[in-house]
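**Student:** compute the structure for the input listed below.
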Amino acid sequence: MVKVQYIGPIRKFVEETVVDYNVDTPISIQELIDYLVKKYGDKFKQEIFTKAGDAFFYQILINGQNIYKLEGYQSKVNDGDMVLISVPLSGG
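**Tutor:** As a prediction, the model looks like this:
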């Protein structure tokens, strides 16, 4: 099981804050995104990608670490991991 937590407008497409997914692990973040887009459809896909349609809009963390500090979209998700998909956060 992989837990995925959704923060921000994306939640309206999955109707829950945290969802458990039974996926073959390890899988890459790209494979997880592809799975989620297939599961939740075009509106989910439109929300999760920028208007350009080729860049991911949301921030992704695996067990609290930004995927860009790991292996980007090729970062692996393993059984028991927690993935956070959130609107980008900034502060000062």
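**Student:** wait, doesn't Phe13 sit right on Gln46?
**Tutor:** No. Using Cβ atoms under 8 Å, Phe13 is not in contact with Gln46, being 9.5 Å away. All C-beta spots, glycine's among them, are computed from the backbone N, C-alpha and C.
**Student:** more neighbours, these two?
**Tutor:** Phe13 (17 against 13; other Cβ atoms under 10 Å).
**Student:** pLDDT value on the more buried one, please?
**Tutor:** As predicted, Phe13 sits at a pLDDT of 88.
**Student:** after the host helix or strand of Lys12 comes which helix or strand?
**Tutor:** According to DSSP states H and E, Lys12 maps onto helix 11-14. Under the assignment DSSP H and E, the closest C-terminal helix or strand after helix 11-14 is strand 18-21.
**Student:** what does that next one contact?
**Tutor:** Here strand 18-21 makes contact (Cβ atoms under 8 Å, 6 or more residues apart in numbering) with 1-6, 32, 35.
**Student:** partner strands of it and their direction?
**Tutor:** strand 2-7 (antiparallel) (DSSP bridges).
**Student:** export the partner strand to CSV, keeping only CA atoms.
**Tutor:** Only the C-alpha atoms of strand 2-7 are listed here, as CSV (Å, rounded to 0.1, in the frame of the first residue of the first chain):
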residue,chain,number,x,y,z
VAL,A,2,1.1,3.5,-0.8
LYS,A,3,-0.7,6.4,1.0
VAL,A,4,-1.2,9.5,-1.1
GLN,A,5,-2.2,12.7,0.7
TYR,A,6,-3.8,15.5,-1.4
ILE,A,7,-3.7,19.2,-0.3
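**Student:** buried residues in that strand?
**Tutor:** 2, 4, 6 (16 or more other Cβ atoms under 10 Å).
**Student:** which parts of the helix holding Lys12 are buried?
**Tutor:** By 16+ other Cβ under 10 Å, the buried positions in helix 11-14 come out as 13-14.
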